[in-house]
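Visitor: sequence first, then the predicted structure:
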Amino acid sequence: MKVILKSDITCPACGHSKTEMMPIDVPRKHYTCEKCGEMLVVPEEACCVFCTYGSVECPQAQVVRPCMEKRH
């Protein structure tokens, strides 16, 4: 399985989108939109900003979820 390391984060306040490299070791819980300055904060039940606001889930979710799906 190939893990994707880039995701387009879209700001829900202004719609601005930017491609970002995702960290492979630590979930990113905050992100500031470079256009409007909105601080994107991850809801408590969510993994990270990439899983919440990104076009691609974080590397951890990409690896763990397919494994979990195979068990069921």
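Guide: Sure thing, it's come through.

Visitor: for P23, grab the count of nearby residues.
Guide: The number of residues packed around P23, counting by other CB atoms under 10 Å, is 14. Using the backbone N, CA and C atoms, a C-beta is placed for each residue, glycine as well.

Visitor: roughly how far apart are it and T32?
Guide: For P23, the distance to T32 equals 16 Å [CB to CB, to the nearest Å].

Visitor: and C51, by the same measure?
Guide: Computed as CB to CB, the C51 to T32 distance reads 18 Å.

Visitor: compare those two (neighbour count), which wins?
Guide: It is C51, of C51 and T32, that has more neighbours when counted by other CB under 10 Å, with 20 against 11.

Visitor: any idea how far whichever strand or helix holds that one is from the middle of the chain?
Guide: Taking DSSP states H and E as the definition, C51 sits inside helix 49-53. The chain centre lies 3 Å from the centre of helix 49-53; the measure is CA atoms, centre = their mean, to the nearest Å.

Visitor: contacts for that helix?
Guide: Taking CB atoms under 8 Å, 6 or more residues apart in numbering as the criterion, the residues outside helix 49-53 that touch it are 7, 9-12, 20, 22, 28-31, 40, 42-43, 46, 56-58, 61.
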